[in-house]
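Trainee: compute the structure for the input listed below.
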Amino acid sequence: MSGNGLDFTNARWRKSRRSESGANCVEVARVQGYVAVRDSKNPHGPKLVFTSAEWTAFTSGVKTGDFDDLLT
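Mentor: Here you go, the predicted model:
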């Protein structure tokens, strides 16, 4: 889902605790019941927006290694 129609004005963006200071990362924020993701190098650029169920499925997949094959 694109972020069109959502108001990001008061979004509280955050990086992973594992992110190094000044590192280029993705940032996440809760926006109107969705989880939004943006590129920290381009904060005014496009955002990806996920439902809670989609975000849970994605993060669960990351934790269980479902995407590890993309690294090889």
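Trainee: what segments of this protein are strands?
Mentor: With DSSP state E, the ranges of strands along the chain come out as 26-31, 34-39, 48-50.
Trainee: turn these into TSV, columns for mean pLDDT and distance to residue 67.
Mentor: Backbone N, C-alpha and C define where each C-beta goes, glycine included. Formatted as TSV, those follow (pLDDT from 0 to 100; distance: least, CB to CB, whole Å):
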stretch	mean pLDDT	distance to residue 67
strand 26-31	94	14
strand 34-39	95	15
strand 48-50	96	15
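Trainee: so which of those is nearest residue 69?
Mentor: Nearest of these to residue 69, taken as CB to CB: strand 26-31 at 20.3 Å.
Trainee: packing partners of that closest one?
Mentor: Using 3 or more CB pairs under 8 Å, 6 or more residues apart in numbering; DSSP states H and E, the elements in contact with strand 26-31 are strand 34-39.
Trainee: in the strand it packs on, what's buried?
Mentor: By 16 or more other CB atoms under 10 Å, the buried positions in strand 34-39 come out as 34, 35, 36, 37, 38.
Trainee: now stretch 39-57
Mentor: 47, 48, 49, 50, 55.
Trainee: would you list those in CSV and tack on distance to residue 7?
Mentor: Listed next are these as CSV, based on distance: CB to CB, whole Å:
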residue, distance to residue 7
47, 12
48, 16
49, 12
50, 17
55, 19
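Trainee: and which of these is nearest residue 5?
Mentor: Comparing those against residue 5 with CB to CB places residue 49 closest, at 9.5 Å.
Trainee: check residue 21 and give its pLDDT.
Mentor: On pLDDT, residue 21 comes in at 65.
Trainee: so who does the residue nearest the centre of the chain touch?
Mentor: With distances taken as CA atoms, centre = their mean, residue 37 lies nearest the centre of the chain, 2.8 Å away. Listed by CB atoms under 8 Å, 6 or more residues apart in numbering, the contact partners of residue 37 are 26, 27, 28, 47, 48, 49, 50.
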